[in-house]
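Colleague: A structural model of the following input is requested.
(3 chains)
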Amino acid sequence: MIMTFVGVPVSVIGSLMHWPSTIMFGIYCLTIIALASYMGRATESLAIIAGPRIGGLLNATFGNAVELIISIFALKAGLTGVVLASLTGSVLGNLLLVAGLSFFLGGIKFKRQTFNVYDARHNSGLLMFAVIVAFVIPEVFSMGMDEGKTISLSVGISVILIALYLAALFFKLVTHRGVYQSENSGGGGGHEEEPEWSKMKAIVILALATVAVAYVSESLVHTFETVAESFGWTELFIGVIIVAIVGNAAEHASALIFAWKNKMDIAVEIAIGSTLQIAMFVAPVLVLISLLFNEAMPLVFTLPELVAMASSVLLMVIISNDGESNWFEGLTLLAAYVIMGIGFFLL
Amino acid sequence: MIMTFVGVPVSVIGSLMHWPSTIMFGIYCLTIIALASYMGRATESLAIIAGPRIGGLLNATFGNAVELIISIFALKAGLTGVVLASLTGSVLGNLLLVAGLSFFLGGIKFKRQTFNVYDARHNSGLLMFAVIVAFVIPEVFSMGMDEGKTISLSVGISVILIALYLAALFFKLVTHRGVYQSENSGGGGGHEEEPEWSKMKAIVILALATVAVAYVSESLVHTFETVAESFGWTELFIGVIIVAIVGNAAEHASALIFAWKNKMDIAVEIAIGSTLQIAMFVAPVLVLISLLFNEAMPLVFTLPELVAMASSVLLMVIISNDGESNWFEGLTLLAAYVIMGIGFFLL
Amino acid sequence: MIMTFVGVPVSVIGSLMHWPSTIMFGIYCLTIIALASYMGRATESLAIIAGPRIGGLLNATFGNAVELIISIFALKAGLTGVVLASLTGSVLGNLLLVAGLSFFLGGIKFKRQTFNVYDARHNSGLLMFAVIVAFVIPEVFSMGMDEGKTISLSVGISVILIALYLAALFFKLVTHRGVYQSENSGGGGGHEEEPEWSKMKAIVILALATVAVAYVSESLVHTFETVAESFGWTELFIGVIIVAIVGNAAEHASALIFAWKNKMDIAVEIAIGSTLQIAMFVAPVLVLISLLFNEAMPLVFTLPELVAMASSVLLMVIISNDGESNWFEGLTLLAAYVIMGIGFFLL
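Modeller: This is a model prediction of the structure:
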């Protein structure tokens, strides 16, 4: 709590006074993580009020709004490679790190944890669609295309991704709301629990924390170049690993809280829902927005980025498809994350 | 109905009188689709009489007999690339378009539709075998081989594919007939229903319509070059997308009818069974037949063709493996089809 | 039995008297297979005493100890390519040949065989992790790396693989022992059955047979070059196919015995457990040991090796994930093995 009230003003002062980048890097990271815990508590209150699905959706949205804003600034600066790297990092971070830590920590407390198996399968289908179809196809097809056609293909796929994402919301919230309810759904127990904050208070805190996170995040981005030089990191490693860890701190915090309380429905919804929102909404929206700038961003990742995402999706689909988790499944996801981290560090 | 009795004679007259290709292209397509509805009704009658499995098999066979005949003519003309493209198109068309439309339309009428989960898993194993093993291996291994060895590998794999396909029929119809019956199997309800036509009448109509479709389809193929030029389509796009849509109209029509009647066992059997028949029987038979002609056809697709098929199979396996469908799963398959359509159009 | 008491002395005499390599090749192979049947019977006795999981673990360990020893000699000789090929062969041999034969032969006797579905899913997750993540990532990432970084990446991944393998043992034997017991587990029935040999006798026979197998195997390796020339086989084919069949004879023999007795829990544990031990323990240990020799071995397979393993894993995951098998699923795995055999033969 102290960190929040100290972190934000110190971040402002430090950036105005041009303190050394490596020090500011640390201050920014800690401030964001502190703010993220507020966002987590606010979202938890709202989730108790609104039920697990809307709660998960809220979490994913507020986590990714920040990401979208930062990426637009980066696109404007022509940094399409950095944007694609940080999208990759968010997918890997949510799918392997957030879900892995949730499964692992929740699994240490509880022997077997269950989550809605219908939602898990629904999410598996979307993960396959978004990454194995919509990201792989332009990668392979663009090899034989000129730049103009690659952009056309990227735009077409982006429109389809956004349309299917909206259709998925329509499916979950309208036509099939409550159809695939599992018996052990956290919804029932959640309503009995008292929310920490009232609806109004939670919304105000969530909004303020989001704005603060956005401000600090943007300052953070400008320290990357210097930090990369100081620590001998590549910009790819910072984009894929560091940005993803700090940028998804909000999801991390709240997913872990839910996992620790054995509410795996929401924890999984945050981790996988956030991945899907990045892949099916944030990424294609950025492709479309990039058309307004000088350099259009194709939906074509580098081969290591694509392979890392594709193998993560296949691993997650197999691990989550039974609607159960334990500490070892969490550790497997974390091990995959570390392997990819080493890979991007050395690249 | 009018279209059938008008379409066939008009097709004959038009081709004898050398009407413009683009007009004949439209007439041929409409005629085939009209004939396909007859084939659908005849097959439905036979399916009611023979039960869902044999019914699905009949459908797949009559849909693909046409395809086999056309492809042999194309092989004779040395068009191995076009044959591989149209095989790809049939796999994508059946797996994504036919199944997608069935799930989507059926799902609009019924909230949740179920089909035999054992059949779904059996089919998943075969899809993985045919596409992920038998098609991927020659693609990768042939990179380091000369042409002779590539053909040897293709012939070896083709013989194994056909043998396993026959073993699968033996398994389903002899050793494990009725072993994996689900409770909600359409078989029970189907026997109570009255077939539209008698067994004899259905067989005669099926045979006549098949011959007519074969005749018109062949004429259709000869219009492709001109149509491609007129509309600015590539031959690859025509082979993969247009041929597949028109050439699989029979499966489309009957699968949709069954889905609409909530007989998902048969609808799925048509879509996936037809895919498997293309991949495990039609494709390898064409490889073997091609040995008789000047130019042998290796079982080596282009990389976009292979990746499109492989990602479709992975998507379908994850979506169908629970033995349930809804409109959104259908829409996901259709969205994947559109993405691939855009890709092949631009290639 | 005769073969064992004749085979070992004949092997020694023949190698001392420098009999022709092709003859010795046959003698060695038969001797190993005869010894393997002893190892199978000893392990079966121990499995009855110790229960299915420990039994499967024992089997996998004694099967792979031989492999580890031979590979260390090969590494010392700088034959990193041969070691990677024989690792590939072991993965393919266990996953497709051992499991395929078990499913096929067991399935001929029993219509439907079941095994613990929780173990199957646990194994699926590990197969995906080991092959699709830990083997695929260095393949793709090393394309843009120099040799030093490739070795660093290989060492990092190897340490993670070994750590996760040990964590998996801890999970199965300590924290979640008996948590995922299925009702039809072979454990109950096994205890009623009388072991053929006492615990002590079984251990002594197992130890002696292992030493004998190790001695004969090493002699076998030295005949490969001559045999390859005589039969026109490539060394890759010998490494991937012949070594794997003979080298995994122990697993073959005992897995088939268990499948024939309808104890699929143990048969599957041997086949998949052995694959996992190769991929998650033997392979990374060899990478680490290779650092002591002149030529370090990176965890980078050739593309055909990697693709063959990856497609086998995907096929096995889909086939085994329902905890059921039948003869056709076995035949499918065997067909995949034959396809890969043809591929490596022609390469």
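
Colleague: what does the stretch 1-150 of chain A put close to chain B?
Modeller: Counting by C-beta under 8 Å from any C-beta of the partner chain, the stretch 1-150 of chain A comes close to chain B at A:121-122, A:124-126, A:128-129, A:132-134, A:136-138, A:140-141, A:143-145, A:149. Where C-beta positions appear, they are placed from N, C-alpha and C, glycine not excepted.

Colleague: how does it look with 10 Å?
Modeller: Proximity of the stretch 1-150 of chain A to chain B is assessed by C-beta under 10 Å from any C-beta of the partner chain, with A:117-118, A:121-122, A:124-146, A:148-150 identified as the residues in range.

Colleague: If any of these are buried, put those into a PyMOL selection.
Modeller: Selecting only the buried entries of those in PyMOL, with 16 or more other C-beta atoms under 10 Å in any protein chain shown as the criterion:
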select buried, chain A and resi 117+118+121+122+124+125+126+127+128+129+130+131+132+133+134+135+136+137+138+139+140+141+142+145+149+150
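
Colleague: which of the residues in the longest helix belonging to chain A are buried?
Modeller: Once chain A is assigned using DSSP state H, the helix that runs over the most residues is helix A:199-231. For helix A:199-231, the neighbour count (16+ other C-beta under 10 Å) marks A:202, A:205-206, A:209-210, A:212-221, A:223-224, A:227-228 as buried.

Colleague: leaving aside the residues next to it on the chain, what's closest to residue A:46?
Modeller: With C-beta to C-beta, 6 or more residues apart in numbering or on different chains as the criterion, residue A:46 has its nearest non-adjacent residue at 5.0 Å, and that residue is residue A:202.

Colleague: same question but for residue A:323, I mixed them up
Modeller: In space, not counting the residues next to it along the chain, residue A:323 is nearest to residue A:117; the distance is 3.1 Å by C-beta to C-beta, 6+ apart.

Colleague: check contacts around the one you found.
Modeller: The neighbourhood of residue A:117, defined by C-beta atoms under 10 Å, 6 or more residues apart in numbering or on different chains, consists of A:180, A:182, A:320, A:321, A:322, A:323, A:324, B:322.

Colleague: mind listing the strands for the stretch 1-150 of chain A?
Modeller: In the stretch 1-150 of chain A, the strands defined using DSSP state E, counting those that start in this stretch lie at A:113-114.

Colleague: about what we covered before: so which of the residues of the stretch 1-150 of chain A next to chain B belong to helices?
Modeller: Going by DSSP H, the helices hold A:117-118, A:121-122, A:124-127, A:136-141, A:148-150 from these.

Colleague: Could you say which helix or strand holds residue A:300?
Modeller: With secondary structure defined by DSSP states H and E, residue A:300 is part of neither a helix nor a strand.

Colleague: Wait, residue A:278 touches residue A:83, no?
Modeller: No - using C-beta atoms under 10 Å, residue A:278 makes no contact with residue A:83, being 11.6 Å away.

Colleague: neighbour count winner among the two?
Modeller: Neighbours per residue (other C-beta atoms under 10 Å in any protein chain shown) separate residue A:278 from residue A:83, with residue A:278 holding more: 28 against 25.

Colleague: quick revisit: pull up the overlap in contacts between residue A:278 and residue A:83.
Modeller: Shared contacts of residue A:278 and residue A:83, defined by C-beta under 10 Å, 6+ apart, comprise A:67, A:286.

Colleague: Close to chain C: what parts of the stretch 1-150 of chain A are there?
Modeller: For the stretch 1-150 of chain A, the residues found near chain C under the criterion C-beta under 10 Å from any C-beta are A:96, A:107, A:108, A:111, A:112.

Colleague: check contacts around the third one.
Modeller: Contact partners of residue A:108, counting by C-beta under 10 Å, 6+ apart, are A:259, A:260, A:326, A:327, A:330, C:175.

Colleague: Can you check the residues you listed and name whichever has the most neighbours?
Modeller: residue A:259 (31 neighbours).

Colleague: Do I have it right that that one meets residue A:267?
Modeller: Yes - Residue A:259 sits in contact with residue A:267 when judged by C-beta under 10 Å, with a separation of 4.2 Å.

Colleague: For these two, list the residues in contact with both.
Modeller: A:98, A:99, A:101, A:102, A:103, A:105, A:106, A:113, A:115, A:325.

Colleague: From those, which land in helices?
Modeller: Per DSSP H, the subset of the shared contacts of residue A:259 and residue A:267 in helices is A:99, A:101, A:102, A:103, A:105, A:106.

Colleague: Closest one to residue C:305 out of the residues you listed, please.
Modeller: Residue C:305 lies nearest to residue A:99 out of these, by C-beta to C-beta, at 30.5 Å.

Colleague: hey, where'd the helices end up in the stretch 201-347 of chain A?
Modeller: Shown for the stretch 201-347 of chain A, the helices assigned by DSSP state H, counting those that start in this stretch span residues A:235-237, A:243-247, A:249-260, A:264-277, A:283-290, A:303-320, A:327-346.

Colleague: Can you say which of those is packed in most?
Modeller: Highest mean neighbour count among the helices of the stretch 201-347 of chain A (mean count of other C-beta atoms under 10 Å in any protein chain shown): helix A:264-277, with a mean of 29.

Colleague: That one and chain C in contact?
Modeller: No - looking at helix A:264-277 against chain C by C-beta under 10 Å from any C-beta, there are no contacts, and the closest approach is 15.6 Å.

Colleague: Just confirm residue A:291 contacts residue A:80, I think it does.
Modeller: No - counting by C-beta under 10 Å, residue A:291 stays clear of residue A:80, with 12.0 Å between them.

Colleague: For those two, indicate the residue with more neighbours.
Modeller: Between residue A:291 and residue A:80, counting by other C-beta under 10 Å, residue A:80 is the more crowded of the two (20 against 13).

Colleague: these two touch, right, the more buried one and residue A:296?
Modeller: Yes - applying C-beta under 10 Å as the test, residue A:80 and residue A:296 come out as touching, 8.1 Å apart.

Colleague: what do these two both touch?
Modeller: Going by C-beta under 10 Å, 6+ apart, residues that sit against residue A:80 and also against residue A:296 are A:287, A:290.

Colleague: got the contact list for the nearest residue to residue A:287 once chain neighbours are set aside?
Modeller: On the basis of C-beta to C-beta, 6+ apart, the spatially nearest residue to residue A:287 that is not a chain neighbour turns out to be residue A:158, at 4.3 Å. By C-beta under 10 Å, 6+ apart, the contact list for residue A:158 reads A:134, A:138, A:280-281, A:283-291, A:297-299.

Colleague: Point out where chain A drops to low pLDDT.
Modeller: With pLDDT under 70 as the threshold, chain A has low-confidence stretches at A:1-4, A:52-53, A:55-56, A:59-60, A:62-63, A:66, A:181-192, A:250-251.

Colleague: can you rerun that using 50?
Modeller: Using pLDDT under 50 as the threshold, the predicted model of chain A has low-confidence ranges A:184-191.

Colleague: show me the contacts for the closest residue to chain B within the stretch 201-347 of chain A.
Modeller: Closest approach of the stretch 201-347 of chain A to chain B (C-beta to the nearest C-beta) occurs at residue A:317, with a separation of 6.1 Å. Contacts for residue A:317 were tallied using C-beta under 10 Å, 6+ apart; they are A:120-121, A:123-125, A:127-128, A:131-132, A:272, B:314, B:317-318, C:128, C:317.

Colleague: change it to 7 Å
Modeller: The contact partners of residue A:317, by C-beta atoms under 7 Å, 6 or more residues apart in numbering or on different chains, come to A:124, A:127, A:128, B:318.

Colleague: Pop out the phi and psi values for the residue in the stretch 51-200 of chain A that chain C sits nearest to.
Modeller: The nearest approach of the stretch 51-200 of chain A to chain C comes at residue A:111, 6.2 Å away (C-beta to the nearest C-beta). Backbone torsions of residue A:111, given as degrees, to the nearest 10, read phi -60, psi -50.

Colleague: how much space between it and chain B?
Modeller: For residue A:111, the distance to chain B equals 25 Å [C-beta to the nearest C-beta, to the nearest Å].

Colleague: burial measure for that residue, as a count.
Modeller: Applying the criterion other C-beta under 10 Å, we find 11 residues in the vicinity of residue A:111.
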